[in-house]
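Asks: sharing a model prediction with you, sequence too.
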Amino acid sequence: MKTIQTDVLVCGGGCAGIAAALASARNGAKTLLIERAGFSGGIITAVGLPYFDGLIDKFTGRFVVKGIAQELLVALGAAKEGASHIDDCRKELISKYWSTVYIPNTEEFKLLSDALILKHSDNLSALYHSLAVDVDVKDGRILAVVIANKDGLTRVEAKQVIDCTGDADLAHWAGSPTEKMDPLMPMTMHFRIGNVTPHKEAAAAAKKALIDARERGELPEFYGPGLMYAFAKDEVYVHATRIPGDATSAADFTRAEMQGRKDAWTMFREWKAKVPGFEDSYFITSGPFLGVRETRRIVGEKVLSIDDLQKTNRYDDAIATGCWFLDIHPPKTSLDKPFEGSGFQPKPYDISYRMMLPQKLSNLLVAGRCHSASKEAAASSRVTVTAMALGEAAGCAAALATRAKTEVGLLSGVKVREQLATQNAGPFTDV
Ligand SMILES: Cc1cc2nc3c(=O)[nH]c(=O)nc-3n(C[C@H](O)[C@H](O)[C@H](O)COP(=O)(O)OP(=O)(O)OC[C@H]3O[C@@H](n4cnc5c(N)ncnc54)[C@H](O)[C@@H]3O)c2cc1C
């Protein structure tokens, strides 16, 4: 089998992975990013989600994450250079109600991440269309990750590995404890409908059409309708499909992908036939991937708990800040609000370095939605910007460990925090 050697391997180029790869390369480590899609961005580009949740403290309006997330927002024209408050974002891209901001075009995110990867080509390279499929582990170390792509199988031997797969694939295959909740939050197929004329009766009529379709047995579960005019005045962006299932099972993920597509088309056809303003509309696109909210999470050296959010517990080795509310989507139909439970809104809280450290492995970090957190806490810490902050911290840590000729599992999170602070990143809980 062919072999590639590198200092740091980042698996998964989504919200966490792109930040991890950039941070690792910028901190001097030879870095390889692998991603199963033909582009980076994960949920943003593979599902089509523009929201940068987890950025803004609802109580004060200030940014609790800066660093790479802030840099991306500025580069995409959604915020001013040096932005640190909701008022520094472009007015038409702000949702004051949700205390969040969104980017104007998710396709452009592909181009931006390509450009950033190429800009760091001295020590950062990427392999798209490449899937991590196995790990070779010895004495608590990942010796190599096996990847599959058009070259066949390749062993990637890295000093440090960062698992940003969203599903904790590497940690799980390497035998580190992970957990998966029952029930899992549902998956969602996002889709877009063009040539819609906004109409004041549209939301109510769209909701009724979905209820009727469900009663006829043509639509299993849904939320909403949640019609959003995020990208253009005549274009509806929809996240109303709800598909229960487990994306870590290939068969179930395939079934869910087909169901998501079918439900999206059922919704579109119902609306075109029955909703005022949709008469001349057309189906623009869905996916290209079904969106996965929750699968495995590591049970790491420390677990982010609901107590951490409620009491805003402080950690010396905090490397990121979370601030989103408890956003738990139920795997069943809900009409009036997308989430269930209290929807508790925490003040900005610390996320410790140890919440990215899996048990039993010395050279692996796990960043993004599969970091170590209880189900409730993860309902807050799973969102896009928090994932970017964790990825940036993991990339920085992997480079520091490589430079110090040690491993991420032996590195002090306090040192990672100090390094992040020199780069306008890390926790912003106490500013
Ligand atoms: C339908 C839906 C709606 C959401 N809405 C919002 C919202 O409005 N706001 C918000 O902030 N958050 C939202 N989220 C949460 C959002 O998904 C997470 O914040 C974010 O995706 C977590 O980032 P991540 O990097 O962990 O995962 P992802 O962004 O999903 O990235 C994981 C990446 O790893 C790649 N990958 C997976 N396995 C492998 C492998 N074995 N080998 C190589 N590559 C691999 C994938 O292709 C993907 O690019 C939503 C999630 C879903 C599913």
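Replies: Arrived safely. Numbering: from 1, shown residues only.
Asks: near the ligand, which residues of this protein?
Replies: Taking C-beta under 6 Å from any ligand atom as the contact definition, the chain meets the ligand at 11-17, 34-37, 42-43, 46-47, 49, 51, 53-54, 131-132, 164-167, 169, 188, 239, 291-293, 368-369, 382-384, 387. Yep, even glycine has a C-beta here, placed from its N, CA and C like the rest.
Asks: make sure I have this right: Tyr237 is in a strand.
Replies: Yes: assessed by DSSP: H, G, I helix; E, B strand; the rest coil, Tyr237 belongs to a strand.
Asks: what about it, neighbour count?
Replies: 20 (other C-beta atoms under 10 Å).
Asks: list the contacts of Ala148.
Replies: 130-131, 133 (C-beta atoms under 8 Å, 6 or more residues apart in numbering).
Asks: for Gly226, give me the pLDDT.
Replies: Looking at Gly226, its pLDDT stands at 84.
Asks: kindly tell me how buried it is, as a neighbour count.
Replies: Using other C-beta under 10 Å: Gly226 sits among 15 other residues.
Asks: do I have it right that it meets Asp336?
Replies: No: Gly226 is beyond contact range of Asp336, at 10.8 Å (criterion: C-beta atoms under 8 Å).
Asks: where does the residue nearest to Ile86 when sequence neighbours are not counted fall, phi/psi-wise?
Replies: Leaving aside its sequence neighbours, Ile86 sits nearest to Gly61 (C-beta to C-beta, 6 or more residues apart in numbering; 4.2 Å). When read as degrees, to the nearest 10, the backbone of Gly61 gives phi 80, psi 0.
Asks: and Ala75, by the same measure?
Replies: phi -60, psi -30.
Asks: cool, Arg269 as well?
Replies: phi -70, psi -40.
Asks: that one and Lys262, how far apart?
Replies: 11 Å (C-beta to C-beta, to the nearest Å).
Asks: can you pull the contacts of Thr178?
Replies: Counted by C-beta under 8 Å, 6+ apart, Thr178 has contacts 168, 171-172, 296-299, 370.
Asks: in strands, which of those residues fall?
Replies: Per DSSP state E, strands hold the following members of these: 296-298.
Asks: among the residues you listed, find me the one that's closest to the ligand.
Replies: Nearest to the ligand among the ones in strands among the contacts of Thr178, counting by C-beta to the nearest ligand atom, is Arg297 at 10.3 Å.
Asks: mind listing what the closest one touches?
Replies: Counted by C-beta under 8 Å, 6+ apart, Arg297 has contacts 168, 178-180, 369-373, 378.
Asks: returning to what we had before: what would the contacts of Thr178 look like in CSV with pLDDT?
Replies: Shown next, in CSV, are the contacts of Thr178 (pLDDT from 0 to 100):
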residue, pLDDT
Ala168, 98
Ala171, 98
His172, 98
Arg296, 98
Arg297, 98
Ile298, 98
Val299, 98
Cys370, 98
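Asks: out of those, the closest to Lys159 would be?
Replies: Of all the contacts of Thr178, Ala171 has the smallest distance to Lys159: 17.3 Å, by C-beta to C-beta.
Asks: next one: phi and psi at the nearest residue to that closest one once chain neighbours are set aside?
Replies: Counting by C-beta to C-beta, 6+ apart, Pro358 is the residue found nearest to Ala171 once chain neighbours are left out, at 4.5 Å. Dihedral pair for Pro358: phi -70, psi 160, per degrees, to the nearest 10.
Asks: hmm, Pro358 is touching Ser176, no?
Replies: Yes: if you go by C-beta under 8 Å, Pro358 and Ser176 touch, sitting 3.9 Å apart.
Asks: of the two, which one has the most company?
Replies: Higher neighbour count among Pro358 and Ser176: Pro358, with 27 against 22, using other C-beta under 10 Å.
Asks: ok, now which ones touch the more buried one?
Replies: Counted by C-beta under 8 Å, 6+ apart, Pro358 has contacts 163, 168, 171, 174, 176-177, 298, 300-301, 364-366, 372.
Asks: gap between it and Lys337?
Replies: Using C-beta to C-beta, one obtains 34 Å as the distance from Pro358 to Lys337.
Asks: same question for Thr312.
Replies: 25 Å.
Asks: the two - which one has more neighbours?
Replies: Using other C-beta under 10 Å, the more surrounded residue of Thr312 and Lys337 is Thr312, with 15 against 8.
Asks: quick check: the more buried one touching Pro348?
Replies: Yes: the pair Thr312 / Pro348 is scored as a contact, 7.2 Å apart, by C-beta under 8 Å.
Asks: run the chain-centre distance for the strand or helix carrying Thr6.
Replies: Per DSSP states H and E, Thr6 falls inside strand 2-11. Distance of strand 2-11 from its chain centroid, counting by C-alpha atoms, centre = their mean, to the nearest Å, is 23 Å.
Asks: cool, and stretch 270-284?
Replies: Using C-alpha atoms, centre = their mean, the mean C-alpha position of stretch 270-284 is found 31 Å from that of the whole chain.
Asks: what's the answer for stretch 403-421, then?
Replies: 24 Å.
Asks: before we move on, what about stretch 35-47?
Replies: For stretch 35-47, the distance to the chain centre is 10 Å (C-alpha atoms, centre = their mean).
Asks: check contacts around the closest residue to the ligand within the chain.
Replies: When scored by C-beta to the nearest ligand atom, the chain has Gly14 as its residue closest to the ligand, at 1.8 Å. Applying C-beta under 8 Å, 6+ apart, one finds that Gly14 lies in contact with 35, 40-44, 46, 164, 166, 368, 387.
Asks: run the last query once more with 6 Å
Replies: Counting by C-beta atoms under 6 Å, 6 or more residues apart in numbering, Gly14 makes contact with Gly42.
Asks: also the one 10 residues further on?
Replies: Neighbouring residues of Ser24 by C-beta under 6 Å, 6+ apart: 8, 31, 395, 398-399.
Asks: now, which of these lie within strands?
Replies: Among the contacts of Ser24, the members falling in strands (DSSP E) are 8, 31.
Asks: dump the contacts of Ser24 into JSON lines; add neighbour count and pLDDT as well.
Replies: Formatted as JSON lines, these follow (neighbours: other C-beta atoms under 10 Å; pLDDT from 0 to 100):
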{"residue": "Val8", "neighbour count": "32", "pLDDT": "99"}
{"residue": "Thr31", "neighbour count": "31", "pLDDT": "99"}
{"residue": "Gly395", "neighbour count": "33", "pLDDT": "99"}
{"residue": "Ala398", "neighbour count": "34", "pLDDT": "99"}
{"residue": "Ala399", "neighbour count": "27", "pLDDT": "98"}
